[in-house]
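# Using only what follows, build the 3D model:
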Amino acid sequence: MFSMTNNDTSSDSGCTGSESSSNRNKHQLAVRTNFSRSRGIVSFVRRSSRLDKRLQHAWDEFADTFLLDFGQADHELGVPNDLTFDQNFVQSVWGNANPLIIEIGSGQGENITAAALSHPDNNYLALEVYTPGVAHTMLLGGHNGLTNLKIAQVNAPELFAICSRSVAQEVWTFFPDPWPKTKHHKRRIIQDPLAADVSNALVDQGLWRIATDIDDYALHVHEIMDNRDDFDNRGTLMVSLPTEHVSKGTAQMAYQLPHAMFRESHRFEGRILTNFEKKGLKAGRTIHDFTFYARHADDAPTSHKSME
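Below you'll find the model as predicted:
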């Protein structure tokens, strides 16, 4: 496990009084001077990091197994400036050179743990900022005895900004926060800088799989991704979407706006049907799936082993 020396302690533990200092520090470490603080706009809001008894027990039992310890404090989700995230790092953490699949915003961990269980010859990295989600992913990973899963509690764009070229086979972003208000669209995680960094991190012809149940977010994805030189949209499903954005209070007016046809993908069979996706379907929302292939102009064509 990658770790950094801890010289300080956090004053706001956010943990039960009976928790030992050593266990507390597994998810509440000191702020480092070598972490980037200039994060700018982020795609998440701060939430409580308190864990119930079940999740606290899972953290205490499984953090050493699954958590990549970058030395963050409780309210620091940055990535150390001196971290090199390359194939050597993957080899040192997972102990092999198997294909790496990274999920941005893994939530409760249902998808990535199911995939790791079904595909033991792949390595998996779950990126999640919320402590309860990280703990629940540990719980699932521990109960399933997974040896090919790691979790990092970091701001995903910061990690991708320091990734070496061609380190990952696939990247997944399923149902990101839609930030429905127009003034908050800039906080949507899929933006041009992240797209460039994901393309760099992927092998040539590696996949960025994206899914959303919000039509306006689907339009946002098309605007960011469809005309990029470093990705190909190879979707074969034609979908009608408004060509203008709506906000939280005007979404019901979208049907009155001009529409156009966009290329999307059929549902990714490797994504399990979570309760979150079921709620979207029950509410009558359309699930939009995207499959973008990274295109490295300076790389020779390589074979790609996609996850079926």
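
# Tell me the strands beside the longest strand that the chain contains, with direction?
Longest strand in the chain by number of residues (criterion: DSSP state E): strand 202-212. With DSSP bridges as the test, strand 202-212 is paired with strand 168-174 (parallel), strand 288-294 (antiparallel).

# Redo the ones you listed as JSON lines? Include mean pLDDT and distance to E244.
No exception for glycine: its C-beta is placed from N, CA and C like everyone else's. Shown next, in JSON lines, are the strands paired with strand 202-212 (pLDDT from 0 to 100; distance: least, C-beta to C-beta, whole Å):
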{"stretch": "strand 168-174", "mean pLDDT": "99", "distance to E244": "24"}
{"stretch": "strand 288-294", "mean pLDDT": "98", "distance to E244": "17"}
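
# Any stretches of the chain with poor pLDDT?
Of all residues in the chain, those with pLDDT under 70 make up the ranges 1-49, 71-75, 298-308.

# my guess is E244 meets P258, correct?
Yes: in this structure, E244 is within contact of P258 by C-beta atoms under 8 Å, at 6.8 Å.

# neighbour-wise, which of those two wins?
E244 (13 against 7; other C-beta atoms under 10 Å).

# any idea which element the more buried one lies in?
Assessed by DSSP states H and E, E244 sits outside every helix and strand.

# still on that earlier bit, which one of the strands paired with strand 202-212 lies nearest to L237?
Nearest to L237, of all the strands paired with strand 202-212, is strand 288-294, at 7.9 Å by C-beta to C-beta.

# Could I get the full set of helices for the stretch 201-308 of the chain?
215-225, 275-282 (DSSP state H, counting those that start in this stretch).

# ok now the first one, how far from the chain's centre?
Looking back up the chat, that one is helix 215-225. Computed by C-alpha atoms, centre = their mean, to the nearest Å, the chain-centroid distance of helix 215-225 equals 18 Å.

# Return the set of buried residues in it.
Residues of helix 215-225 classed as buried by neighbour count (16 or more other C-beta atoms under 10 Å): 215-222, 224-225.

# on that earlier part again, D64: which of the strands paired with strand 202-212 is closest?
Comparing the strands paired with strand 202-212 by C-beta to C-beta, strand 168-174 comes nearest, at 24.3 Å.

# Identify the residues contacting the closest one?
99-105, 111-112, 122, 189-190, 198, 201-203, 206-211, 271, 304-307 (C-beta atoms under 8 Å, 6 or more residues apart in numbering).

# so what secondary structure elements neighbour the helix or strand where P132 lies?
For P132, the host element (DSSP H and E) is helix 131-143. If contacts are counted by 3 or more C-beta pairs under 8 Å, 6 or more residues apart in numbering; DSSP states H and E, helix 131-143 sits against helix 53-66, helix 110-118, strand 149-152.
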